[in-house]
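J.: Structure for the following, please:
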Amino acid sequence: MLNKLFVEKTDNTLIQLFRYTFVGGIAFVVDFSSLYLLTEFAGLHYLHSAAIAFILGLIINYILSILWVFKSRVINKKLFEFIIFAIIGIVGLGLNELIIWFSTEQLKLYYLHSKLISTAIVYFWNFLARKYILYNKGSVNE
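T.: Residues are numbered from 1 along each chain as shown. Prediction:
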């Protein structure tokens, strides 16, 4: 069972979601720590820091997703695949920025608490969009 969860290539959505949780966790650590460091130590505005940190997390997420999470690839051209992956991430970034802004400015939450709320919502968007747009074995190859 451990081999299926952690080693074997799979198209099983539940196993992919399980793995994506780890990948997302690693990307979140990169994203969250970069947000904190860029805001608190580099002096950037929290929304600028959030955008940069999100992009760093996106890159980590892409690399780990293609290596470990998703077996079937819809697009054979890696550059085009990354562009679509990034577009999904940009939509996620828009959601991220909107949720952080709204939670921080309107609900008066601490920006890092706002980030936690955003992370939960954007996590599901990213997984489902990537799974069904990019890594769905029933899709047609480019």
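
J.: going forward, measure contacts and count neighbours with C-alpha atoms only.
T.: Fine.

J.: Please enumerate the helices of the chain.
T.: 2-6, 13-40, 46-64, 78-101, 111-133 (DSSP state H).

J.: Check which helices and strands the longest one sits against.
T.: Same thing as helix 13-40. Under the contact definition 3 or more Cα pairs under 8 Å, 6 or more residues apart in numbering; DSSP states H and E, helix 13-40 sits against helix 2-6, helix 46-64, helix 111-133.

J.: Return the most buried member of these.
T.: helix 46-64 (a mean of 19; mean count of other Cα atoms under 10 Å).

J.: Just the angle for that helix relative to helix 78-101, thanks.
T.: Relative orientation of helix 46-64 versus helix 78-101 (axes from the mean of the first three to the mean of the last three Cα atoms, to 10 degrees): 140 degrees.

J.: Counting by contacts, list what helix 46-64 packs against.
T.: helix 13-40, helix 78-101.
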